[in-house]
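Peer 1: Show me how the following folds:
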Amino acid sequence: MQTLAVEPEDNFMRYRRFLFSLVAPMLVLIMVVISSGAQASKFKVLHTFAGGNDGEAPTAPPTLDRAGNVYGTTAEAGNGTGCTNGCGTVFQLQPFGMQWRERILYSFSDPSGSPIYSNGPLVLDANGKLYGTSAQGGDLSCNCGFVYELVRSSTGWTENVIHTFLGSNAADGSNPYSGVVRDKAGNLYGTTNDGGNSGTQWGTVFELTPNADGTWTESIIYGFPTYTQGIFPYALTMDAKGNLYVTASQGGVYGNGTIIKLALSGGVWTETTLYAFTGGDNGSFPFTGAVPDVAGNLYGTTSSGGDDTVGNVFKLTPAKGYWNFSTVYNFTGGHDGGLPNSTLTMDQAGDLYGTTQAGGAYQYGTVYKLALSSGKWVETVLHSFTGGSDGAYPAGIVLDSSGNLFGTANSGGAHNFGTVFEITP
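Peer 2: Have a look, this model is predicted:
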(Lines give C-alpha, C1' and ligand atoms only; values in the text may rest on other atoms or scores of the structure.)
Protein backbone atom coordinates (compact mmCIF):
# COMPACT_ATOMS: atom_id res chain seq x y z
CA MET A 1 0.00 0.00 0.00
CA GLN A 2 1.35 3.36 -0.98
CA THR A 3 0.88 6.09 1.60
CA LEU A 4 1.19 9.85 1.38
CA ALA A 5 3.25 12.06 3.62
CA VAL A 6 1.05 13.92 6.05
CA GLU A 7 2.24 17.31 7.20
CA PRO A 8 0.65 19.34 9.98
CA GLU A 9 0.26 22.43 7.83
CA ASP A 10 -2.76 24.45 6.71
CA ASN A 11 -4.34 21.79 4.55
CA PHE A 12 -6.68 24.16 2.74
CA MET A 13 -3.79 26.31 1.57
CA ARG A 14 -1.97 23.15 0.55
CA TYR A 15 -5.06 22.14 -1.44
CA ARG A 16 -5.21 25.53 -3.21
CA ARG A 17 -1.51 25.35 -4.03
CA PHE A 18 -2.03 21.80 -5.26
CA LEU A 19 -4.85 22.81 -7.63
CA PHE A 20 -3.01 25.79 -9.07
CA SER A 21 0.18 23.79 -9.45
CA LEU A 22 -1.77 21.51 -11.76
CA VAL A 23 -3.22 24.25 -13.90
CA ALA A 24 -0.13 25.53 -15.69
CA PRO A 25 1.41 22.27 -16.92
CA MET A 26 -1.89 20.59 -17.68
CA LEU A 27 -3.34 23.44 -19.69
CA VAL A 28 -0.16 23.87 -21.71
CA LEU A 29 -0.32 20.21 -22.70
CA ILE A 30 -4.08 19.91 -22.99
CA MET A 31 -5.77 22.36 -25.31
CA VAL A 32 -8.51 20.16 -26.63
CA VAL A 33 -11.41 22.00 -28.17
CA ILE A 34 -14.66 20.22 -27.36
CA SER A 35 -17.99 20.92 -28.93
CA SER A 36 -20.17 21.54 -25.90
CA GLY A 37 -23.43 21.73 -27.73
CA ALA A 38 -25.60 24.79 -28.14
CA GLN A 39 -27.92 25.76 -25.35
CA ALA A 40 -29.86 28.99 -25.12
CA SER A 41 -28.86 30.46 -21.77
CA LYS A 42 -28.36 34.03 -20.63
CA PHE A 43 -25.59 35.20 -18.33
CA LYS A 44 -26.02 38.30 -16.16
CA VAL A 45 -23.78 39.91 -13.55
CA LEU A 46 -25.92 40.80 -10.52
CA HIS A 47 -23.19 42.48 -8.50
CA THR A 48 -19.55 43.43 -8.91
CA PHE A 49 -17.59 43.71 -5.67
CA ALA A 50 -15.74 46.99 -5.26
CA GLY A 51 -13.54 46.15 -2.28
CA GLY A 52 -13.48 48.28 0.85
CA ASN A 53 -16.72 48.17 2.82
CA ASP A 54 -18.34 46.28 -0.07
CA GLY A 55 -16.12 43.22 0.38
CA GLU A 56 -14.09 41.23 -2.09
CA ALA A 57 -13.23 37.67 -3.16
CA PRO A 58 -16.25 35.40 -2.58
CA THR A 59 -15.04 31.82 -2.04
CA ALA A 60 -18.31 29.89 -1.57
CA PRO A 61 -21.58 29.37 -3.48
CA PRO A 62 -24.50 31.66 -2.60
CA THR A 63 -27.68 30.73 -0.70
CA LEU A 64 -31.25 31.61 -1.74
CA ASP A 65 -34.34 32.30 0.34
CA ARG A 66 -37.98 31.84 -0.69
CA ALA A 67 -38.33 35.51 -1.60
CA GLY A 68 -35.55 35.25 -4.17
CA ASN A 69 -32.89 37.06 -2.15
CA VAL A 70 -29.28 35.92 -2.51
CA TYR A 71 -26.93 35.55 0.48
CA GLY A 72 -23.20 34.93 0.49
CA THR A 73 -19.80 35.73 1.95
CA THR A 74 -16.67 37.50 0.83
CA ALA A 75 -13.26 36.44 2.05
CA GLU A 76 -11.78 39.90 2.47
CA ALA A 77 -12.53 43.62 3.00
CA GLY A 78 -15.58 44.98 4.82
CA ASN A 79 -15.41 47.52 7.64
CA GLY A 80 -14.33 45.10 10.37
CA THR A 81 -11.02 45.59 12.15
CA GLY A 82 -7.92 43.56 12.86
CA CYS A 83 -7.18 41.98 9.47
CA THR A 84 -4.67 43.28 6.92
CA ASN A 85 -7.10 43.27 4.00
CA GLY A 86 -10.32 43.20 5.99
CA CYS A 87 -11.83 40.09 7.51
CA GLY A 88 -14.67 39.56 5.06
CA THR A 89 -18.41 40.12 4.95
CA VAL A 90 -21.82 38.49 4.78
CA PHE A 91 -23.93 40.12 2.07
CA GLN A 92 -27.48 40.03 0.73
CA LEU A 93 -28.67 40.82 -2.80
CA GLN A 94 -32.33 41.82 -3.19
CA PRO A 95 -34.12 41.96 -6.55
CA PHE A 96 -35.41 45.48 -7.26
CA GLY A 97 -37.12 45.69 -10.62
CA MET A 98 -34.48 44.89 -13.23
CA GLN A 99 -31.65 45.61 -10.80
CA TRP A 100 -30.26 44.06 -7.63
CA ARG A 101 -29.47 45.91 -4.42
CA GLU A 102 -26.63 44.79 -2.17
CA ARG A 103 -26.68 45.07 1.63
CA ILE A 104 -23.75 44.20 3.87
CA LEU A 105 -25.31 42.29 6.74
CA TYR A 106 -22.13 41.77 8.74
CA SER A 107 -18.41 42.57 8.58
CA PHE A 108 -16.08 40.22 10.44
CA SER A 109 -13.39 41.45 12.80
CA ASP A 110 -10.36 39.71 14.23
CA PRO A 111 -10.67 37.46 16.27
CA SER A 112 -14.28 36.94 15.17
CA GLY A 113 -12.78 35.25 12.14
CA SER A 114 -13.33 35.41 8.42
CA PRO A 115 -15.14 33.21 5.88
CA ILE A 116 -11.99 33.30 3.76
CA TYR A 117 -11.33 29.62 4.39
CA SER A 118 -14.92 28.40 4.22
CA ASN A 119 -15.86 26.78 0.92
CA GLY A 120 -19.36 25.89 2.08
CA PRO A 121 -22.44 28.07 1.56
CA LEU A 122 -24.42 29.71 4.35
CA VAL A 123 -27.38 27.80 5.80
CA LEU A 124 -30.68 29.64 6.26
CA ASP A 125 -33.33 28.40 8.72
CA ALA A 126 -37.09 29.04 8.75
CA ASN A 127 -36.65 31.99 11.11
CA GLY A 128 -34.20 33.74 8.81
CA LYS A 129 -31.08 32.96 10.85
CA LEU A 130 -27.88 32.32 8.93
CA TYR A 131 -25.26 29.73 9.90
CA GLY A 132 -21.71 29.37 8.63
CA THR A 133 -18.16 28.41 9.52
CA SER A 134 -14.80 30.12 9.66
CA ALA A 135 -11.76 27.89 9.44
CA GLN A 136 -9.69 30.49 11.28
CA GLY A 137 -10.30 32.91 14.14
CA GLY A 138 -12.08 32.14 17.39
CA ASP A 139 -9.81 31.37 20.34
CA LEU A 140 -6.79 33.68 19.99
CA SER A 141 -4.44 31.05 21.43
CA CYS A 142 -5.45 28.61 18.70
CA ASN A 143 -6.97 30.47 15.71
CA CYS A 144 -8.60 27.15 14.76
CA GLY A 145 -12.00 28.30 13.57
CA PHE A 146 -15.58 28.37 14.77
CA VAL A 147 -19.26 28.01 13.80
CA TYR A 148 -21.34 31.19 13.85
CA GLU A 149 -24.96 32.27 13.77
CA LEU A 150 -26.23 35.59 12.39
CA VAL A 151 -29.51 36.83 13.86
CA ARG A 152 -31.55 39.72 12.46
CA SER A 153 -33.11 42.31 14.77
CA SER A 154 -34.60 45.80 14.39
CA THR A 155 -31.11 47.29 14.74
CA GLY A 156 -29.26 45.01 12.31
CA TRP A 157 -27.57 41.64 12.36
CA THR A 158 -25.73 40.18 15.35
CA GLU A 159 -23.10 37.44 15.25
CA ASN A 160 -23.22 34.68 17.87
CA VAL A 161 -20.31 32.25 17.99
CA ILE A 162 -22.01 28.94 18.79
CA HIS A 163 -18.85 26.82 18.94
CA THR A 164 -15.13 27.51 18.98
CA PHE A 165 -12.71 24.77 18.00
CA LEU A 166 -9.77 24.13 20.28
CA GLY A 167 -7.03 22.93 17.97
CA SER A 168 -5.39 20.02 16.21
CA ASN A 169 -4.53 18.38 19.54
CA ALA A 170 -8.08 18.69 20.90
CA ALA A 171 -10.86 16.14 20.62
CA ASP A 172 -13.18 18.39 18.62
CA GLY A 173 -10.59 19.23 15.96
CA SER A 174 -9.83 22.41 14.03
CA ASN A 175 -10.34 24.14 10.69
CA PRO A 176 -14.00 23.63 9.62
CA TYR A 177 -13.70 24.43 5.92
CA SER A 178 -16.89 22.95 4.53
CA GLY A 179 -19.69 24.93 6.17
CA VAL A 180 -22.56 23.09 7.87
CA VAL A 181 -25.74 21.26 6.91
CA ARG A 182 -28.95 21.40 8.96
CA ASP A 183 -31.41 18.58 9.69
CA LYS A 184 -35.17 18.84 10.23
CA ALA A 185 -34.72 19.14 14.01
CA GLY A 186 -32.39 22.11 13.68
CA ASN A 187 -29.14 20.28 14.44
CA LEU A 188 -26.04 21.34 12.50
CA TYR A 189 -23.42 18.96 11.09
CA GLY A 190 -19.99 19.67 9.67
CA THR A 191 -16.39 18.54 9.41
CA THR A 192 -13.04 19.70 10.69
CA ASN A 193 -10.09 19.16 8.45
CA ASP A 194 -7.66 18.50 11.28
CA GLY A 195 -7.56 17.30 14.88
CA GLY A 196 -9.72 14.82 16.72
CA ASN A 197 -9.14 12.28 19.48
CA SER A 198 -8.27 9.33 17.27
CA GLY A 199 -4.58 9.94 17.90
CA THR A 200 -3.98 10.61 14.23
CA GLN A 201 -5.37 14.16 14.14
CA TRP A 202 -6.89 13.66 10.70
CA GLY A 203 -10.24 15.38 11.15
CA THR A 204 -13.70 14.91 12.63
CA VAL A 205 -17.42 15.00 11.88
CA PHE A 206 -19.31 17.05 14.48
CA GLU A 207 -22.91 17.74 15.48
CA LEU A 208 -24.18 20.92 17.15
CA THR A 209 -27.49 20.62 19.02
CA PRO A 210 -29.45 23.74 20.05
CA ASN A 211 -30.43 24.08 23.72
CA ALA A 212 -33.47 25.84 25.15
CA ASP A 213 -31.33 28.65 26.61
CA GLY A 214 -29.84 29.55 23.21
CA THR A 215 -26.54 27.73 23.72
CA TRP A 216 -25.35 24.82 21.60
CA THR A 217 -23.83 21.46 22.56
CA GLU A 218 -21.16 19.91 20.37
CA SER A 219 -20.76 16.15 19.90
CA ILE A 220 -18.10 14.38 17.85
CA ILE A 221 -19.95 11.72 15.91
CA TYR A 222 -16.91 10.44 14.01
CA GLY A 223 -13.14 10.83 14.20
CA PHE A 224 -11.10 9.35 11.36
CA PRO A 225 -9.28 6.51 13.13
CA THR A 226 -6.95 5.18 10.45
CA TYR A 227 -5.47 6.25 7.15
CA THR A 228 -7.55 3.66 5.29
CA GLN A 229 -10.84 5.32 6.32
CA GLY A 230 -9.58 8.54 4.74
CA ILE A 231 -8.07 11.72 6.09
CA PHE A 232 -8.64 15.49 5.80
CA PRO A 233 -12.44 15.64 5.27
CA TYR A 234 -13.52 18.70 3.30
CA ALA A 235 -17.20 18.25 2.48
CA LEU A 236 -20.37 16.77 3.93
CA THR A 237 -23.88 16.23 2.53
CA MET A 238 -27.11 14.79 3.93
CA ASP A 239 -29.87 12.73 2.31
CA ALA A 240 -33.61 12.84 3.03
CA LYS A 241 -33.26 10.13 5.71
CA GLY A 242 -30.62 12.07 7.64
CA ASN A 243 -27.68 9.94 6.56
CA LEU A 244 -24.41 11.83 6.20
CA TYR A 245 -21.94 11.43 3.34
CA VAL A 246 -18.41 12.66 4.01
CA THR A 247 -15.69 13.27 1.46
CA ALA A 248 -12.16 12.62 2.72
CA SER A 249 -9.74 14.31 0.36
CA GLN A 250 -6.84 11.92 0.94
CA GLY A 251 -6.13 8.55 2.47
CA GLY A 252 -7.99 5.33 1.89
CA VAL A 253 -6.55 2.05 0.65
CA TYR A 254 -4.98 3.75 -2.37
CA GLY A 255 -4.16 7.11 -0.76
CA ASN A 256 -6.41 9.08 -3.12
CA GLY A 257 -9.40 9.83 -0.89
CA THR A 258 -12.64 8.14 0.17
CA ILE A 259 -16.40 8.60 0.48
CA ILE A 260 -17.87 7.38 3.79
CA LYS A 261 -21.45 7.13 5.00
CA LEU A 262 -22.57 7.81 8.59
CA ALA A 263 -25.97 6.38 9.56
CA LEU A 264 -27.72 6.85 12.92
CA SER A 265 -29.27 3.76 14.48
CA GLY A 266 -30.25 3.39 18.13
CA GLY A 267 -28.49 6.59 19.00
CA VAL A 268 -25.18 5.40 17.55
CA TRP A 269 -23.56 6.62 14.34
CA THR A 270 -22.15 3.79 12.22
CA GLU A 271 -19.52 4.36 9.54
CA THR A 272 -19.35 2.57 6.20
CA THR A 273 -16.63 3.22 3.64
CA LEU A 274 -18.44 3.41 0.31
CA TYR A 275 -15.51 3.91 -2.02
CA ALA A 276 -11.74 4.41 -1.98
CA PHE A 277 -10.45 6.27 -5.02
CA THR A 278 -7.80 4.42 -6.94
CA GLY A 279 -6.31 7.36 -8.81
CA GLY A 280 -5.64 7.20 -12.53
CA ASP A 281 -8.78 6.96 -14.67
CA ASN A 282 -11.07 6.79 -11.62
CA GLY A 283 -9.88 10.12 -10.29
CA SER A 284 -8.27 11.23 -7.06
CA PHE A 285 -8.42 13.84 -4.29
CA PRO A 286 -12.16 14.57 -3.99
CA PHE A 287 -12.79 17.91 -2.28
CA THR A 288 -16.50 18.42 -2.99
CA GLY A 289 -19.64 16.84 -1.54
CA ALA A 290 -21.29 13.64 -2.79
CA VAL A 291 -24.88 14.50 -3.77
CA PRO A 292 -27.60 11.80 -3.40
CA ASP A 293 -30.46 11.41 -5.88
CA VAL A 294 -33.92 9.99 -5.14
CA ALA A 295 -32.75 6.47 -6.05
CA GLY A 296 -29.87 6.56 -3.53
CA ASN A 297 -27.07 7.04 -6.05
CA LEU A 298 -24.30 9.52 -5.25
CA TYR A 299 -22.71 12.02 -7.64
CA GLY A 300 -19.50 13.93 -7.03
CA THR A 301 -16.26 15.21 -8.50
CA THR A 302 -12.54 14.63 -8.15
CA SER A 303 -10.00 17.43 -8.46
CA SER A 304 -7.39 15.31 -10.20
CA GLY A 305 -7.11 12.12 -12.21
CA GLY A 306 -9.53 10.96 -14.87
CA ASP A 307 -8.52 10.35 -18.47
CA ASP A 308 -6.80 13.74 -18.77
CA THR A 309 -5.69 14.15 -15.14
CA VAL A 310 -7.75 17.32 -14.51
CA GLY A 311 -10.67 15.69 -12.69
CA ASN A 312 -13.96 14.02 -13.41
CA VAL A 313 -17.60 13.67 -12.39
CA PHE A 314 -18.45 10.25 -10.96
CA LYS A 315 -21.47 8.20 -9.89
CA LEU A 316 -21.64 5.67 -7.04
CA THR A 317 -24.46 3.13 -7.32
CA PRO A 318 -25.41 0.94 -4.34
CA ALA A 319 -25.21 -2.81 -4.97
CA LYS A 320 -25.24 -5.86 -2.69
CA GLY A 321 -22.45 -5.27 -0.20
CA TYR A 322 -20.58 -2.65 -2.21
CA TRP A 323 -20.96 0.50 -4.29
CA ASN A 324 -20.30 0.49 -8.01
CA PHE A 325 -18.16 3.32 -9.42
CA SER A 326 -18.77 4.77 -12.88
CA THR A 327 -17.45 7.86 -14.62
CA VAL A 328 -20.08 10.37 -15.70
CA TYR A 329 -17.67 12.76 -17.41
CA ASN A 330 -13.91 13.27 -17.78
CA PHE A 331 -12.73 16.87 -18.09
CA THR A 332 -9.98 17.65 -20.59
CA GLY A 333 -8.82 21.06 -19.36
CA GLY A 334 -9.81 22.57 -22.71
CA HIS A 335 -13.02 24.37 -23.59
CA ASP A 336 -15.04 21.95 -21.46
CA GLY A 337 -13.24 22.99 -18.26
CA GLY A 338 -10.92 21.38 -15.77
CA LEU A 339 -10.38 21.04 -12.01
CA PRO A 340 -14.03 20.87 -10.87
CA ASN A 341 -14.27 22.78 -7.60
CA SER A 342 -17.89 22.82 -6.43
CA THR A 343 -20.42 20.38 -5.03
CA LEU A 344 -22.82 19.43 -7.80
CA THR A 345 -26.36 20.80 -8.01
CA MET A 346 -29.12 18.52 -9.34
CA ASP A 347 -32.44 19.57 -10.90
CA GLN A 348 -35.73 17.66 -10.85
CA ALA A 349 -34.89 15.95 -14.13
CA GLY A 350 -31.64 14.58 -12.69
CA ASP A 351 -29.38 16.89 -14.70
CA LEU A 352 -26.18 17.96 -12.96
CA TYR A 353 -24.64 21.44 -12.73
CA GLY A 354 -21.26 22.56 -11.45
CA THR A 355 -18.24 24.82 -11.90
CA THR A 356 -14.63 24.31 -12.87
CA GLN A 357 -11.77 26.45 -11.67
CA ALA A 358 -9.79 26.09 -14.88
CA GLY A 359 -10.37 25.57 -18.57
CA GLY A 360 -13.12 27.07 -20.67
CA ALA A 361 -12.69 29.16 -23.80
CA TYR A 362 -10.59 31.73 -21.91
CA GLN A 363 -9.04 29.46 -19.24
CA TYR A 364 -10.81 31.23 -16.32
CA GLY A 365 -13.25 28.43 -15.52
CA THR A 366 -16.74 27.39 -16.54
CA VAL A 367 -20.29 26.70 -15.46
CA TYR A 368 -21.36 23.38 -16.95
CA LYS A 369 -24.40 21.11 -17.24
CA LEU A 370 -24.42 17.31 -17.61
CA ALA A 371 -27.55 15.62 -18.99
CA LEU A 372 -28.32 12.05 -20.01
CA SER A 373 -28.98 11.60 -23.71
CA SER A 374 -29.53 8.10 -25.16
CA GLY A 375 -27.84 6.58 -22.13
CA LYS A 376 -24.78 8.84 -22.34
CA TRP A 377 -23.92 11.89 -20.27
CA VAL A 378 -23.41 14.97 -22.45
CA GLU A 379 -21.75 18.15 -21.21
CA THR A 380 -22.91 21.64 -22.12
CA VAL A 381 -20.80 24.64 -21.14
CA LEU A 382 -23.29 27.25 -19.97
CA HIS A 383 -20.66 29.95 -19.53
CA SER A 384 -16.91 30.34 -20.01
CA PHE A 385 -15.48 33.10 -17.86
CA THR A 386 -13.39 35.69 -19.65
CA GLY A 387 -11.58 37.10 -16.60
CA GLY A 388 -13.13 40.47 -17.42
CA SER A 389 -16.40 42.04 -16.30
CA ASP A 390 -18.12 38.66 -15.93
CA GLY A 391 -15.58 37.39 -13.39
CA ALA A 392 -12.98 34.65 -13.10
CA TYR A 393 -12.62 31.36 -11.21
CA PRO A 394 -16.22 30.55 -10.20
CA ALA A 395 -16.74 29.30 -6.65
CA GLY A 396 -19.95 27.29 -7.05
CA ILE A 397 -23.61 27.62 -7.99
CA VAL A 398 -27.12 26.99 -6.67
CA LEU A 399 -30.37 26.34 -8.54
CA ASP A 400 -33.73 28.00 -7.84
CA SER A 401 -37.18 26.49 -8.37
CA SER A 402 -37.47 28.10 -11.83
CA GLY A 403 -34.25 26.55 -13.10
CA ASN A 404 -32.14 29.70 -12.79
CA LEU A 405 -28.53 29.32 -11.61
CA PHE A 406 -26.88 31.73 -9.18
CA GLY A 407 -23.17 31.72 -8.47
CA THR A 408 -20.09 33.63 -7.42
CA ALA A 409 -16.75 34.24 -9.09
CA ASN A 410 -13.70 34.71 -6.88
CA SER A 411 -12.09 37.47 -8.93
CA GLY A 412 -12.60 39.46 -12.10
CA GLY A 413 -15.42 41.95 -12.51
CA ALA A 414 -15.03 45.70 -12.95
CA HIS A 415 -12.69 45.98 -9.94
CA ASN A 416 -11.17 42.48 -10.09
CA PHE A 417 -12.68 41.63 -6.69
CA GLY A 418 -15.24 39.10 -7.90
CA THR A 419 -18.86 38.95 -8.98
CA VAL A 420 -22.27 37.43 -8.26
CA PHE A 421 -23.97 36.15 -11.42
CA GLU A 422 -27.16 34.53 -12.71
CA ILE A 423 -27.63 32.16 -15.62
CA THR A 424 -31.19 31.78 -16.93
CA PRO A 425 -32.25 28.91 -19.22
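Peer 1: For the rest of this, base every contact and every neighbour count on C-alpha atoms.
Peer 2: Fine.
Peer 1: neighbours around Asn331, how many?
Peer 2: I think there's a mix-up here, since residue 331 is Phe and not Asn. Phe331 has 24 neighbouring residues, counting by other C-alpha atoms under 10 Å.
Peer 1: which residues sit in contact with it?
Peer 2: Neighbouring residues of Phe331 by C-alpha atoms under 8 Å, 6 or more residues apart in numbering: Gly306, Asp307, Asp308, Val310, Gly311, Asn312, Gly337, Gly338, Leu339.
Peer 1: Recalculate using a threshold of 6 Å.
Peer 2: Gly311, Asn312, Gly338 (C-alpha atoms under 6 Å, 6 or more residues apart in numbering).
Peer 1: Among those residues, find me the one that's closest to Asp194.
Peer 2: Set against Asp194, the nearest of these by C-alpha to C-alpha is Gly311 (24.3 Å).
Peer 1: Near the closest one, how many other residues are there?
Peer 2: By other C-alpha under 10 Å, neighbour count at Gly311 equals 31.
Peer 1: now it: how far from Ser153?
Peer 2: According to C-alpha to C-alpha, to the nearest Å, Gly311 and Ser153 sit 44 Å apart.
Peer 1: pLDDT weak spots in the stretch 101-250 of the chain?
Peer 2: 111-117, 140, 168-169, 198-200 (pLDDT under 70).
Peer 1: now the helices for it?
Peer 2: Counting by DSSP state H, counting those that start in this stretch, the stretch 101-250 of the chain has no helices at all.
Peer 1: Spatially nearest residue to Gly354, not counting backbone neighbours?
Peer 2: Leu344 (5.1 Å; C-alpha to C-alpha, 6 or more residues apart in numbering).
Peer 1: Can you spell out which residues form a bridge with Leu130?
Peer 2: Beta bridges link Leu130 to Leu124, Leu150, judged by DSSP bridges.
Peer 1: what sits against it?
Peer 2: By C-alpha under 6 Å, 6+ apart, Leu130 lies in contact with Val123, Leu124, Glu149, Leu150.
Peer 1: Just the buried residues from those residues, in PyMOL please.
Peer 2: Entered in PyMOL, the line below selects the buried ones among the contacts of Leu130, by 16 or more other C-alpha atoms under 10 Å:
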select buried, resi 123+124+149+150
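Peer 1: Mind picking the one among the contacts of Leu130 that's closest to Ala50?
Peer 2: Closest to Ala50, out of all of these and judged by C-alpha to C-alpha, is Leu150, at 23.5 Å.
Peer 1: Check the contact between the closest one and Glu159; I expect there is one.
Peer 2: Yes: using C-alpha atoms under 6 Å, Leu150 is in contact with Glu159, at 4.6 Å.
Peer 1: Local confidence estimate at the residue nearest to Gly354?
Peer 2: We have a pLDDT of 97 for Leu344.
Peer 1: and the gap between it and Phe287?
Peer 2: Using C-alpha to C-alpha, Leu344 is found at 12 Å from Phe287.
Peer 1: higher neighbour count, those two?
Peer 2: Remark: of Leu344 and Phe287, Phe287 carries more neighbours, 29 against 23, as counted by other C-alpha under 10 Å.
Peer 1: Pop out the phi and psi values for the more buried one.
Peer 2: phi -120, psi -10 (degrees, to the nearest 10).
Peer 1: That one contacts Ser249, doesn't it?
Peer 2: Yes: using C-alpha under 6 Å, Phe287 is in contact with Ser249, at 5.4 Å.
Peer 1: helices or strands up against the helix or strand hosting Gly407?
Peer 2: Per DSSP states H and E, Gly407 falls inside strand 405-411. The criterion is 3 or more C-alpha pairs under 6 Å, 6 or more residues apart in numbering; DSSP states H and E, and the helices and strands that strand 405-411 contacts are strand 392-399, strand 419-424.
Peer 1: Is Tyr222 bridged to anything, and to what?
Peer 2: Beta-bridge pairing of Tyr222 under DSSP bridges involves Val205.
Peer 1: Surely it and Val205 touch.
Peer 2: Yes: using C-alpha under 6 Å, Tyr222 makes contact with Val205 at a distance of 5.1 Å.
Peer 1: Show me the shaky parts of the stretch 301-425 of the chain.
Peer 2: For the stretch 301-425 of the chain (pLDDT under 70), the answer is none.
Peer 1: Count the residues that sit near Lys241.
Peer 2: Neighbours around Lys241, by other C-alpha under 10 Å: 10.
Peer 1: now the strands: where do they sit in the stretch 301-425 of the chain?
Peer 2: For the stretch 301-425 of the chain, the strands defined by DSSP state E, counting those that start in this stretch cover 312-318, 323-330, 338-340, 345-346, 352-358, 366-373, 376-384, 392-399, 405-411, 419-424.
Peer 1: What are the buried residues along the last one?
Peer 2: Residues of strand 419-424 classed as buried by neighbour count (16+ other C-alpha under 10 Å): Thr419, Val420, Phe421, Glu422, Ile423.
Peer 1: now those in TSV, with distance to Ser141?
Peer 2: Formatted as TSV, these follow (distance: C-alpha to C-alpha, whole Å):
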residue	distance to Ser141
Thr419	35
Val420	35
Phe421	39
Glu422	41
Ile423	44
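Peer 1: returning to that earlier point: can you tell me what sits against the strand holding Gly407?
Peer 2: So strand 405-411 is in contact with 57-59, 61, 391-399, 417-423, going by C-alpha under 6 Å, 6+ apart.
Peer 1: And stretch 313-324, by the same measure?
Peer 2: Leu274, Asn297, Leu298, Tyr299, Gly300, Thr301, Phe325, Ser326, Thr327, Val328, Tyr329.
Peer 1: per-residue confidence averaged over the strand or helix carrying the first one?
Peer 2: When elements are assigned from DSSP H and E, Leu274 belongs to strand 268-276. Taken as a whole, strand 268-276 has an average pLDDT of 95.
Peer 1: and it, how far from the chain's centre?
Peer 2: For strand 268-276, the separation from the chain centroid amounts to 21 Å (computed by C-alpha atoms, centre = their mean, to the nearest Å).
Peer 1: what pairs with that strand, and is each one parallel or antiparallel?
Peer 2: strand 258-265 (antiparallel).
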